[in-house]
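Student: I'll drop the sequence and a predicted model, then ask my questions.
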Amino acid sequence: MSRLYELTVKTITGQDWQLGALKGKVVLFVNVASKCGFAKQYHELENLYSKYKDQGFEVIGVPCNQFNNQEPGSGEEILKLVKEKYNVNFPLLEKQDVNGSNESPLYKFLKESKSGILGLHVVKWNFEKFLVDRSGHVVHRYSSMTDPHSIAPEIEKLL
């Protein structure tokens with residue numbers, strides 16, 4: 001069993017969520033920031049989610065304020081903004097650190113599972129993406145520059 005499924009996180013509304021609920025699903029984890037230049041990817045992520053959710057696909061947004069303070073709001077403010085501006089319906093977690101001494105256990109797992117450029121275990125910027133298969137294994141890691149629609153063929157293979 002993947003260690004991913006042993007983790008418990010908090011949703012953006014403060015509820016505990018056992019990631020074991022994701023067993024059997026293909027999941028795309030994305031560290032998001034609503035004031036980032038890449039925030040337009042919210043639309044593309046929502047399109048992927050809408051297209052594949054009935055086939056067992058989830059997008060999980062993880063707000064993070066570590067990069068140039070581009071996610072300064074409270075959970076309530078973030079949720080309101082992304083629903084109104086980007087029509088986001090996929091799950092969002094509470095704001096988390098993705099690097100450093102306070103990094104979340106989720107991001108520790110994701111980064112240890114799939115290192116980034118030059119083998120580094122750091123998230124470089126907002127909207128970095130981790131694609132997880134139905135068994136909870138990280139199979140791909142994508143940079144912020146990667147258009148979410150370009151990931152669709154990989155998602156389809158895993159579904």
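Tutor: Everything's here; your move.
Student: how about stretch 20-38: buried residues?
Tutor: The neighbour-count check on stretch 20-38 (16 or more other Cβ atoms under 10 Å) flags 22, 25-34, 36, 38 as buried. C-beta coordinates here come from the backbone N, C-alpha and C atoms, glycine included.
Student: equivalent analysis for stretch 78-87, please.
Tutor: For stretch 78-87, burial by neighbour count (16+ other Cβ under 10 Å) applies to 78-79, 81-82, 86.
Student: from those residues, which is closest to V132?
Tutor: V132 lies nearest to V82 out of these, by Cβ to Cβ, at 21.6 Å.
Student: now do stretch 5-14: distance to the chain's middle.
Tutor: Stretch 5-14 sits 13 Å away from the centroid of its parent chain (Cα atoms, centre = their mean, to the nearest Å).
Student: before we move on, what about stretch 63-81?
Tutor: For stretch 63-81, the distance to the chain centre is 14 Å (Cα atoms, centre = their mean).
Student: now the end-to-end length of it.
Tutor: In stretch 63-81, first residue to last residue: 12 Å (Cα to Cα, to the nearest Å).
Student: which parts of this structure are helices?
Tutor: Secondary structure of the chain by DSSP state H: the helices cover 41-52, 75-86, 105-113, 152-158.
Student: any regions of this structure where pLDDT drops low?
Tutor: Confidence mapping of the chain against pLDDT under 70 gives the ranges 1, 115-120.
Student: strands of that one, start to end?
Tutor: 8-10, 16-18, 26-32, 57-63, 129-132, 138-142 (DSSP state E).
Student: P105: which of those strands is closest?
Tutor: Closest among the strands of the chain, using Cβ to Cβ: strand 8-10, at 8.2 Å.
Student: just name the most buried of the strands of the chain.
Tutor: Neighbour counts (mean count of other Cβ atoms under 10 Å) averaged over each of those peak at strand 26-32, with a mean of 25.
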